[in-house]
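Q: What follows is a predicted protein model with its sequence.
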Amino acid sequence: MDLTFLSSMFQSILKGLPLTLNLWVLSLLGGGCLALLLNLMRQSRIGAAVAGSYVFLFRGTPLLIQIFMIYYGLAGFGFIRQSFLWPFLREPYWCGLLALILNDAAYTSEILRGGLRAVPKGAVEAGRVSGMSRVAILRRITLPLAIRQALPAYSNEIISMLKATALVSTITLMDMTGIARAAISETWRAVEILLCAAVIYLAISMLVTRASAWAEARLSPWQFGRTTP
Amino acid sequence: MTALTPGQTPALSVTGLRKNFGANDVLRGIDLAAHDGDVISIIGASGSGKSTLLRCIPMLEIPGSGTVSVGADSLSPKGGRLTRAEEARARRMRGHLGFVFQNFNLWPHRTVLQNVIEAPLFVQGRSRAEATDEAMALLEKVGLTDKRDAWPAHLSGGQQQRVAIARALAQHPRAILFDEPTSALDPELVGEVLKVIRALADEGRTMLIVTHEMGFAREVSSRVVFLHHGQIEEDGTPAEVFGAPKSDRARAFLSSHFDRNR
Amino acid sequence: MGDIGLLGFGPDGWGLVLFRAGLMTLAVSVAAFLCGLMLGTLVAWGRVAGNGPVRALAEGYTVVLRGVPDILVIYLFYFGGRQVVAAIGTALGFPGPFDISGFVAGMLAIGLISGAGQSEVLRGAYQAVPKGTIEAGRVVGMGRLTLFRRVIAPQAMTTALPGMGNQWQSVIKESALVSVTGLVETMRQVSVAAGTTQEHFLFYAAGAVIYLIITTLSDQLFRLAEKRSLRGHHGAGF
């Protein structure tokens, strides 16, 4: 192995890290908000149908096709090219981010829904009989329990999104994977380059795993006594 | 019922059996032999080691030291592990035993009949027709012929335990071991299981029964063993153990139990 | 919106081509899933029954594949595979150029990715088999193999089915990434069609529908299998 090549490759791939992190964090934030919204919509019957079909569409198709549809597909509509959105939607960055947000929202809303469903009815009733308002019950009982319940699944989703950001390289964005891909066509030393990139992604995802294990332990101390038969 | 006859090989015996879980000595040197036709009840407080003793016989728990014999085979495992050769011998010994668990442990993915013919077919390699005929006879004995095609999950606890007994009988066992066979049952279902076990005793089957049902133990046993802290404290006929226990601990245990049951 | 007739099966339509691409998606997915199944079984077994080093290796594998983007793995197999094939080819004195089939690279790469997920599902399913039923098998004298075949595997399969269904869904979606190797499956074919006709939205939408059909149908199949395998459990009926 050629160490100087490896270290120079490592450095140039790291230049894509800010973009990767940017897309990752923003898509999680945007997706999380949208997921909450989707779950609130489920209160009404029409809202539930809309949320259900949204989740069905976005979870049933590959992210890659969603990215291409937004980046290439939307440009085909005249009214979009004329709208105020066009300055954004012609940029690969905004298209990529939008696709990631929409995709993440579908998966996160299902995770959140699972968490909400796991909240014991009795806990809510206990809140009601002790005179809490609906908002207080949501804020003090339902959401904390749901979030803690959903945490393990959500930490998987966080890592999935990190990996998902790599797909924006297909629409010319120079994130870590984009840089690696370009370097491969220049040097044809694919294995070394790809290993460099993989190591960086792996390091970040292992940090997330650690952090989420810590968060789980912090947020749900009672679960440690839970393994009684 | 056979009294201890010197020189006759017992159906099953343990000598010097010891077992510890970490720092906890559960069995501290147990000697016990069951001759053909013996019905031995093992009683004692929870934590006295009686279930562990029973589970050591088919090597579900591997003893730390001591010897377990079933018929002509015997095993003296060292250090809580079995070697490959010992594992093979343990399997042969299990083939001569029937074991009935507290929680039945029926195979949920097999019907009642399939549970009973599983080992005859896939362990002993008997023919399906023969195994099925015999299984039907066993199901009749436990009163469940009409449930032959039911799934275990659709049966009551008492019915499941009766199937488990039929499954144990299909082993053609030299001895049957019962590990608290009625402890997981609702009170109204206990009777049907005890009735089946009593019928087996009347047939002259060799049985070891770990139980909390003192009245039952007194009635069916040829011998009663009282275990305390991993040692045998009392060993005698029901009349001796229940009527005139020698140790204070046995007396205390028995009085509390009979108070509770009456 | 563009001309729907472009999706027809006539001489000017892309229908037949897209249909074939859909079959290719299915083919590469099935091949990859089976690769993953073999690998996943092996790894799950290593994690459950292996000694120290085997277990560490198996765990390392799942950690790495969980943390690295799928597309990098596919690139690695495609470009790396080409490097390997070229090195071997040159060493053996064959004239170049050398190439590795996108199908093989994709199948191996996605199989490797899916194997990590499948091993988790299988391990969980194994651990969910009630211990008592295993003891009941040992007590009647079953050996390891009989115990696995007659007691553990049938029960674990039932528990594993929903998880395996999810893994299969993931494989279908990941198969779209194989398009980067030039393999003409659904994703690749709709890109080509979109570029040729300049009807981007139409063709990507058509591609999305193809994936939806595959994912929905296979979801139904898995549900059916789950229902059948659940007979006997928890009074679920037949």
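A: Thanks, I have the structure now. Numbering: from 1, shown residues only, chains lettered A, B, ... in the order given.
Q: hey, let's count contacts and neighbours off CA atoms from now on
A: Fine.
Q: what's the burial count for the residue of chain A found nearest chain C?
A: Chain A approaches chain C most closely through residue A:73 (3.8 Å), counting by Cα to the nearest Cα. Residue A:73: 21 surrounding residues under other Cα atoms under 10 Å in any protein chain shown.
Q: where does chain A come near chain C, residue by residue?
A: Neighbours of chain C within chain A, by Cα under 8 Å from any Cα of the partner chain: A:57, A:60-65, A:68-69, A:72-74, A:76-77, A:159, A:162-164, A:166-167, A:177, A:190-191, A:194, A:198-199, A:201-206.
Q: Any of those buried? List them.
A: Buried members of those, counted by 16 or more other Cα atoms under 10 Å in any protein chain shown: A:57, A:60-65, A:68-69, A:72-74, A:76, A:159, A:162-164, A:166-167, A:177, A:190-191, A:194, A:198, A:201-202, A:204-206.
Q: Put the alpha carbons of the worst-scoring helix or strand of chain C on mean pLDDT into CSV.
A: Taking mean pLDDT, DSSP states H and E as the measure, chain C has helix C:81-91 as its least confident helix or strand, at a mean of 81. C-alpha atoms of helix C:81-91 as CSV (Å, rounded to 0.1, in the frame of the first residue of the first chain):
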residue,chain,number,x,y,z
GLY,C,81,-13.6,-6.6,-8.8
ARG,C,82,-12.4,-5.2,-12.1
GLN,C,83,-9.0,-4.5,-10.6
VAL,C,84,-8.8,-8.0,-9.3
VAL,C,85,-10.0,-9.6,-12.5
ALA,C,86,-7.5,-7.4,-14.5
ALA,C,87,-4.6,-8.4,-12.2
ILE,C,88,-5.4,-12.1,-12.5
GLY,C,89,-6.0,-11.8,-16.2
THR,C,90,-2.8,-10.0,-16.9
ALA,C,91,-0.9,-12.4,-14.8
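Q: Check the offset of it from the chain's centre.
A: Helix C:81-91 sits 27 Å away from the centroid of its parent chain (Cα atoms, centre = their mean, to the nearest Å).
Q: what's the closest non-adjacent residue to the residue of chain C found nearest chain A?
A: Nearest to chain A in chain C, going by Cα to the nearest Cα, is residue C:201, at a distance of 3.8 Å. Nearest residue to residue C:201 in three dimensions, chain neighbours excluded: residue A:73, at 3.8 Å (Cα to Cα, 6 or more residues apart in numbering or on different chains).
Q: what does the model give that neighbour for pLDDT?
A: You'll see residue A:73 listed with a pLDDT of 88.
Q: Same check on residue A:4?
A: Looking at residue A:4, its pLDDT stands at 86.
Q: cool, and the one 10 residues further on?
A: For residue A:14, the pLDDT comes out at 93.
Q: so what's the backbone phi/psi at residue A:65?
A: For residue A:65, the backbone dihedrals (degrees, to the nearest 10) come out as phi -70, psi -30.
Q: And chain A, split by domain according to the record?
A: A:1-16+A:174-229, A:25-173 (automatic domain parsing).
Q: So residue B:27 lies in a strand, does it not?
A: Yes: looking at residue B:27 with DSSP: H, G, I helix; E, B strand; the rest coil, it is inside a strand.
Q: Let me see the contact set for it.
A: Going by Cα atoms under 8 Å, 6 or more residues apart in numbering or on different chains, residue B:27 touches B:17, B:18, B:19, B:20, B:49, B:52, B:53, B:229, B:230, B:231.
Q: and the fourth one, how many neighbours?
A: Read it as residue B:20. Look at residue B:20: counted by other Cα under 10 Å, it has 17 neighbours.
Q: how close does it sit to residue C:174?
A: Distance from residue B:20 to residue C:174, counting by Cα to Cα, to the nearest Å: 51 Å.
Q: helices and strands around the helix ranked longest in chain A, which ones?
A: Criterion DSSP state H: the longest helix present in chain A is helix A:190-219. Where contact means 3 or more Cα pairs under 8 Å, 6 or more residues apart in numbering or on different chains; DSSP states H and E, helix A:190-219 is packed against helix A:3-14, helix A:143-164, helix A:176-187, helix C:52-67, helix C:70-75.
Q: got the contact list for the residue positioned nearest the centre of chain C?
A: Centroid check for chain C by Cα atoms, centre = their mean gives residue C:33 as the closest residue, at 3.0 Å. Applying Cα under 8 Å, 6+ apart, we find residue C:33 in contact with C:110, C:111, C:114, C:115, C:168, C:171.
Q: nearest residue to the third one other than its sequence neighbours?
A: If the residues on either side of it in the chain are set aside, residue C:114 comes closest to residue C:36, at 5.1 Å by Cα to Cα, 6+ apart.
Q: angle of the helix or strand that neighbour falls within against helix C:52-67?
A: According to DSSP states H and E, residue C:36 maps onto helix C:15-49. Put simply, helix C:15-49 runs at 150 degrees to helix C:52-67, going by axes from the mean of the first three to the mean of the last three Cα atoms, to 10 degrees.
Q: Give the buried residues for helix C:15-49.
A: Buried residues in helix C:15-49 (16+ other Cα under 10 Å): C:15, C:17-19, C:21-37, C:39-41, C:43-47.
Q: Over to stretch A:20-35?
A: Neighbour-count burial for stretch A:20-35, counted by 16+ other Cα under 10 Å, picks out A:20, A:21, A:23, A:24, A:27, A:28, A:30, A:31, A:32, A:34, A:35.
Q: Perfect, that will be all.
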